[in-house]
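In: Below is the sequence, then the predicted model.
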Amino acid sequence: MELVSSMTDYTSAYRQSVANPEEFWGEIAGDFVWKKKWTKVLEWDFHKPEVKWFIGAKLNITENCIDRHLAGQADQVAILWEPSDPKEGAKKITYRQLHQQVCKVGNMLKAHGIKKGDRVCIYMPMVPELAFAVLGCARIGAVHSVVFAGFSSGSLADRINDAGCKMILTADGAFRADKKIELKKIVDEALEKCPAVEKVIVLERTGSQPVMKSGRDCWWHDEIKKANDRCDAEEMDAEDLLFILYTSGSTGKPKGMVHTCGGFMVHVNYTFRTVFQYQPGQIFWCTADIGWVTGHSYILYGPLSAGATTVIFEGTPSWPDMGRFWQTIERHHVNIFYTAPAAIRSLQQASLSFVEKYDLSSLRILGSVGEPINEEAWHWYHKNIGKGKCPIVDTWWQTETGGIMISPIANVTELKPAYASFPLPGVQPAVMDEKGNEISGNGIEGRLAIKFPWPSIARTIYGNHQRFKETYFSTFPGMYFTGDGCRRDEEGYYRITGRVDDIIIVSGHNLGTAEIESAIDEHSSVCESAVVGFPHDIKGQGVYAFVICYNKPQDEEKLRREIRDTVSKIIGPIAKPDKIQFVSGLPKTRSGKIMRRILRKVAEGDTANLGDTTTLLDPAVVEEIKRGALE
Ligand code: WTA
């Protein structure tokens, strides 16, 4: 199908997608390799909830991401890998080589007893083998559950057990700037709590010489040597599981979002080509980690299914210096660059000389994802990186949505800084008021829901369909609730204003306040805690913790350090509280519910406007909390 390339196209595609969604998506899906065509495009019921796309269709996503490109572009680079240390030198993997490597991994997994439907946990650094691992699972129909390699052993263990993984693919270690992280050690610790895991395959990356448990652990290089480079692609039903990916929820337990093969593929491919107006031969760089959904959809499946060259970056934006992104763009002639507002804000703090040193003239399109981008960062990015010539696509979406939902289309949509602009074709948003009524018209604000299914919507929470229903389909019955607030301005542009639930987004990472609270409470001195977000110049939101101790702390600084370490150990360094205020009580209603609204105001430094506190059990605590508020 012809892609949208003008505003007129957009309007007509959008109209068609609403008037006749099945015809619209059926036509788009016609451009893929199916082993068997569908009998019906869509069946759905948001009350149950149940959504099925491309009913009866059979496919393998890796044939669409790899095999179909072998005829015309086998020698084109599929993956351009930039290592943590630029001195190590980039690696280029062509589509032909990618095919061989993915087949080898598929065979390696099979040799160790992995079959279609088995869950495999992947806990690896950003190396090409991570891509081979993900696609190798998909090749044989195993369900991948990638866990970001910055999570602690406890978080890893929870995810392994929840998904019932039989195997872990990992590495001896990972490079982070000039440090080495011993990943295998973290896996060993996690596995003490995961009796169902039978095999661990370890890639050698840092040479950390981990202890290998005989019978359970083996080296990737030994196993891959034995594997053949031909592996038939398993026939998958469109609704078979492709992957599980965990995201934070408003209870302490993370949610394993389930994505299926057919709809996910169609949606990420369509949105990749539409939003970024991808042209054959272009180099696309998404700086996310494959451990997050952005990496799944727009480092791997979206770009590869479109036959693009996708960059995988192992490093961090600030090492060896603050010019690393810009140096990498120059070195690899990157055309499309997709990053997060937190990264932009931190690089904006550095001297412009880091940008000016490099030739960024290859850039055509810029993107942003993960949290609302503030206007100042938007303008800095537009002016200094895009030199005023590259559109910025501010893409709004979620782990749950699988792919981009609301976004400008590059060079098509007229941009408004900090606005995600319009829904893509096939996406039907609704802005809801507090009572659950849809607000019509423009120039309005409310909560963002989606009225109609799109192909890459998550199908369930792994092992807990009831929670899926309660979290997403019960706030506004018959609709999917996003958890975000938004504004629709006079011209119909959407601006996402941030979460309206108990999730805070720190440097683009979703964290549930309940998850952090339960980690803080693990410290033996802590009796109770409450966590809220507060505006942070670089991270977007920071973590502010109010903590009640059993005894008044002797040395507050020491205890703060210990609490931070505890959280880091239990969840991972990303969840460490930025501010910890010790309090003797928390503002609670008579029914015992913590009034977070008040804590949020205190954390924001807005203690003059705490609103109504008369329903509190003990209004005096509020006075104490106000007095002790941290700068
Ligand atoms: C937020 C990341 C404003 C939002 C793809 C959403 C955004 C959550 C944007 C999902 C954006 C993501 N503008 N907010 N362009 N993109 N968000 O699951 O609050 O890690 O609900 O998926 O990030 O985060 P997740």
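Out: Nice, I can see it. The structure presented is a predicted model; accordingly, all values stated were derived computationally and were not measured.
In: What parts of this protein come near the ligand?
Out: 247, 292-294, 369-372, 394-399, 420, 482-484, 496, 499, 505, 510 (C-beta under 6 Å from any ligand atom). Yep, even glycine has a C-beta here, placed from its N, CA and C like the rest.
In: give me every residue that touches A74.
Out: A74 makes contacts with T94, Y95, R96, H99, as judged by C-beta atoms under 8 Å, 6 or more residues apart in numbering.
In: Would you check that the second one makes contact with L70?
Out: Yes. Distance between Y95 and L70: 6.1 Å, which falls inside the contact criterion (C-beta atoms under 8 Å).
In: neighbour count winner among these two?
Out: Y95 (24 against 15; other C-beta atoms under 10 Å).
In: Next up, the contacts around E624.
Out: Contacts of E624 (C-beta under 8 Å, 6+ apart): V583, S584, G585.
In: which among these gets closest to the ligand?
Out: Comparing the contacts of E624 against the ligand with C-beta to the nearest ligand atom places V583 closest, at 28.2 Å.
In: Any chance of the backbone angles for the closest residue to R176 other than its chain neighbours?
Out: Using C-beta to C-beta, 6 or more residues apart in numbering and skipping residues adjacent in sequence, the residue nearest R176 is T316, 6.7 Å away. Here the main-chain torsion angles of T316 (degrees, to the nearest 10) amount to phi -130, psi 150.
In: Out of the residues of the chain next to the ligand, which sit inside strands?
Out: Within the residues of the chain next to the ligand, residues falling in strands by DSSP state E are T247, V369, D394, T395, T482, G483, D484, I496, R499, I505, N510.
In: which of the residues you listed sit farthest apart?
Out: T247 and D394 (20.5 Å; C-beta to C-beta).
In: Helices along the stretch 201-350 of the chain, start to end?
Out: 220-225, 261-275, 293-295, 302-305, 324-332, 341-348 (DSSP state H, counting those that start in this stretch).
In: Smallest distance to the ligand belongs to which residue of the stretch 401-550 of the chain?
Out: For the stretch 401-550 of the chain, C-beta to the nearest ligand atom, closest residue to the ligand: I496, 3.6 Å.
In: Give the burial count for G106, as a bare number.
Out: 29.
In: do D67 as well
Out: Residues near D67, counting by other C-beta under 10 Å: 17.
In: I figured it hits H99, correct?
Out: Yes. At 6.6 Å, D67 and H99 qualify as touching, with contact defined as C-beta under 8 Å.
In: Residue of the stretch 301-450 of the chain closest to the ligand, please.
Out: Proximity of the stretch 301-450 of the chain to the ligand (C-beta to the nearest ligand atom) peaks at T399, 3.4 Å away.
In: From T247, how far off is that residue?
Out: 4 Å (C-beta to C-beta, to the nearest Å).
In: shared neighbours, these two?
Out: M257, V293, N510.
In: which residues does the first one contact?
Out: So the one you mean is M257. So M257 contacts I244, L245, Y246, T247, T399, E400, A458, I461, Y462 (C-beta under 8 Å, 6+ apart).
In: for the second one, same thing?
Out: By C-beta under 8 Å, 6+ apart, the contact list for V293 reads L245, T247, Q398, T399, G402.
In: In terms of distance to E438, which of the residues you listed ranks first?
Out: Among the contacts of V293, and counting by C-beta to C-beta, the member closest to E438 is Q398, at 20.1 Å.
In: could the contacts of V293 go into TSV alongside neighbour count and pLDDT?
Out: As requested, those are exported to TSV (neighbours: other C-beta atoms under 10 Å; pLDDT from 0 to 100):
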residue	neighbour count	pLDDT
L245	29	98
T247	20	95
Q398	17	97
T399	19	97
G402	30	98
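In: Make CSV from these and add distance to A340 to it.
Out: Formatted as CSV, these follow (distance: C-beta to C-beta, whole Å):
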residue, distance to A340
L245, 17
T247, 16
Q398, 14
T399, 14
G402, 18
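In: Going by distance to G426, which of these wins?
Out: G426 has its nearest neighbour among these in G402, at 12.3 Å by C-beta to C-beta.
In: Helix, strand or coil: sort out that closest one for me.
Out: coil (DSSP: H, G, I helix; E, B strand; the rest coil).
In: coming back round to it: out of the helices of the stretch 201-350 of the chain, the one nearest P21 is which?
Out: It's helix 261-275; of the helices of the stretch 201-350 of the chain, that one is closest to P21 (C-beta to C-beta) at 12.2 Å.
In: Check which helices and strands that closest one sits against.
Out: Counting contacts by 3 or more C-beta pairs under 8 Å, 6 or more residues apart in numbering; DSSP states H and E, helix 261-275 is packed against helix 21-29, strand 50-55, strand 58-59, helix 61-62, strand 236-237, strand 241-247, helix 302-305.
In: Look up how far A420 lies from Y10.
Out: 15 Å.
In: Please say which of the two ends up with more neighbours.
Out: For Y10 versus A420, neighbours defined as other C-beta under 10 Å are more numerous around A420 (25 against 18).
In: which ones are touching the nearest residue to A342 once chain neighbours are set aside?
Out: Using C-beta to C-beta, 6+ apart and skipping residues adjacent in sequence, the residue nearest A342 is S507, 3.8 Å away. By C-beta under 8 Å, 6+ apart, S507 lies in contact with A340, A342, A343, I538, K539, G540, I574.
In: any low-confidence regions in the stretch 301-450 of the chain?
Out: Across the stretch 301-450 of the chain, nothing is flagged by pLDDT under 70.
In: can you do 90?
Out: Per-residue confidence for the stretch 301-450 of the chain (pLDDT under 90) gives these ranges: 434.
In: Repeat that for the chain.
Out: Across the chain (using pLDDT under 90), the flagged ranges come out as 1-2, 248-253, 434, 501-502, 508, 514, 588-597, 606-621, 623, 628-631.
In: Recalculate using a threshold of 80.
Out: Residue ranges of the chain with pLDDT under 80: 1, 250-252, 590-592, 611-615, 617.
In: Now do the contacts for R487.
Out: R487 touches I444, E445, Y494, R495, T497, counting by C-beta under 8 Å, 6+ apart.
In: how about the host helix or strand of it: buried residues?
Out: Taking DSSP states H and E as the definition, one finds R487 inside strand 480-488. Neighbour-count burial for strand 480-488 flags Y480, F481, T482, G483, D484, G485, C486, R487, R488 (criterion: 16 or more other C-beta atoms under 10 Å).
In: Tell me the one of those residues nearest D232?
Out: Using C-beta to C-beta, these come closest to D232 at Y480, 36.4 Å.
In: re earlier: out of the contacts of E624, list just those in strands.
Out: Those of the contacts of E624 mapping onto strands are V583, per DSSP E.
In: In the contacts of E624, which residue is surrounded by the most others?
Out: Neighbour-wise, those (other C-beta under 10 Å) top out at V583, 20 neighbours.
In: Name the residues linked to that residue by a beta bridge.
Out: I548 (DSSP bridges).
In: which residues sit in contact with it?
Out: Going by C-beta under 8 Å, 6+ apart, V583 touches F546, V547, I548, V621, E624, I625, G628.
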